[in-house]
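> Let's see this in three dimensions:
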Amino acid sequence: ALLAQSRSLLALCARSAGVDFETYRAVRQRRAAAAAQRGLGGMARVATGPGDEQCFDCDAPCAQDAWISLNHATFLCIQCAGTHRALGVHISFVRSLELDDIKASEAALMGQGGNARFRDFLLGKGVPRHVWLALALDLRYHTPAADLYRRVLAAEAAGRAPPAEMERVRPPSRTAVPRRPTAVSKPVGLPPACALCKRRFWLLERRHRCRKCGRCVCAACSPDESSRQLSGQEQGGPVRQCVLCVPKAARTLPGIGPA
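Sure, this is the predicted structure:
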């Protein structure tokens, strides 16, 4: 699983660089080999402190394949580094100490930070370690404390006075769960015959739908005299209905009824 995640992360980097995966991996391997020959492989390329050999977000050992978040000057494992990439570079810009070329400014930034400093900073802002780990990883870095720490490191790197006040941070948007489609009154497909007299529909025998009950009937079962205005209908005229909803008027027999 670790190898598959590492391969998918490198494939994402290759697409970002605009090259194919094999070319990107070969270039990275050559860079890592050259760095190892210069004695700058892995965590020896940057200044480290106590706790930096473990991932800041999950406490997993990461000295053999360490990644760094330049926005927080912390050390990460490859699994958490993949999640940091999804946060966006404005939240966390990650680099590999084994595969990437670390600039002098980036190495100096890591020397000013470290896992212990970020942990102590959070504790001073009322976020102890167990509370930090209880949050979802993407939510941790959208907290006011994490935002303030990023701004403090950026100000120190630029030679400005570091800010001291926390600001309101908008949490990441969550993908809404799609609603299940509601049932519709219209039936699926068209019936082949009239629902009342069972006469089959064809070119000269059109379908008509009763606007009251929804039955699909023929013209004989929905005559013009069965057209009525529906209750609650404020606009429009009479609509076609079937003979069951509007029965035909009874015939008057001779000699029966009022004179």
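> for the protein, what spans make up the strands?
67-69, 74-76, 94-96, 208-209, 216-217 (DSSP state E).
> in its sheet, what does the first one sit against?
Going back to what we said before, that points to strand 67-69. Its sheet considered, strand 67-69 pairs with strand 74-76 (antiparallel), strand 94-96 (antiparallel) by DSSP bridges.
> Go through those and pick out the most buried.
Highest mean neighbour count of the strands paired with strand 67-69: strand 74-76, a mean of 28 (counted as mean count of other C-beta atoms under 10 Å). C-beta coordinates here come from the backbone N, C-alpha and C atoms, glycine included.
> for stretch 105-123, how far is the first residue from the last?
27 Å (C-alpha to C-alpha, to the nearest Å).
> how far out from the middle of the chain is it?
Its chain's C-alpha centre and that of stretch 105-123 lie 30 Å apart, by C-alpha atoms, centre = their mean, to the nearest Å.
> Burial check on residue 118, number of neighbours?
21 (other C-beta atoms under 10 Å).
> wait, it sits on residue 69?
No. Using C-beta atoms under 8 Å, residue 118 makes no contact with residue 69, being 9.3 Å away.
> who touches both of those two?
Common contact partners of residue 118 and residue 69 (C-beta atoms under 8 Å, 6 or more residues apart in numbering): residue 56.
> Please enumerate the helices of the stretch 1-150 of the chain.
Remark: helices assigned in the stretch 1-150 of the chain by DSSP state H, counting those that start in this stretch are 2-17, 21-37, 78-87, 104-112, 115-124, 129-134, 137-140, 144-158.
> Output the third one as CSV, restricted to C-alpha atoms.
As requested, C-alpha coordinates have been extracted for helix 78-87 and formatted as CSV (Å, rounded to 0.1, in the frame of the first residue of the first chain):
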residue,chain,number,x,y,z
ILE,A,78,4.7,10.1,2.7
GLN,A,79,1.1,9.3,3.5
CYS,A,80,0.5,12.6,5.3
ALA,A,81,2.4,14.4,2.6
GLY,A,82,-0.1,13.2,0.0
THR,A,83,-2.9,14.7,2.1
HIS,A,84,-1.0,17.9,2.4
ARG,A,85,-0.8,18.2,-1.4
ALA,A,86,-4.6,18.1,-1.6
LEU,A,87,-4.8,21.1,0.7
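> From residue 68, how far off is the nearest residue to residue 86 once chain neighbours are set aside?
Leaving aside its sequence neighbours, residue 86 sits nearest to residue 138 (C-beta to C-beta, 6 or more residues apart in numbering; 7.3 Å). Distance of residue 138 to residue 68, given as C-beta to C-beta, to the nearest Å: 19 Å.
> try residue 148
20 Å.
> ok, the two, which is more surrounded?
Set side by side, residue 148 and residue 68 show more neighbours around residue 68, with 31 against 20, by other C-beta under 10 Å.
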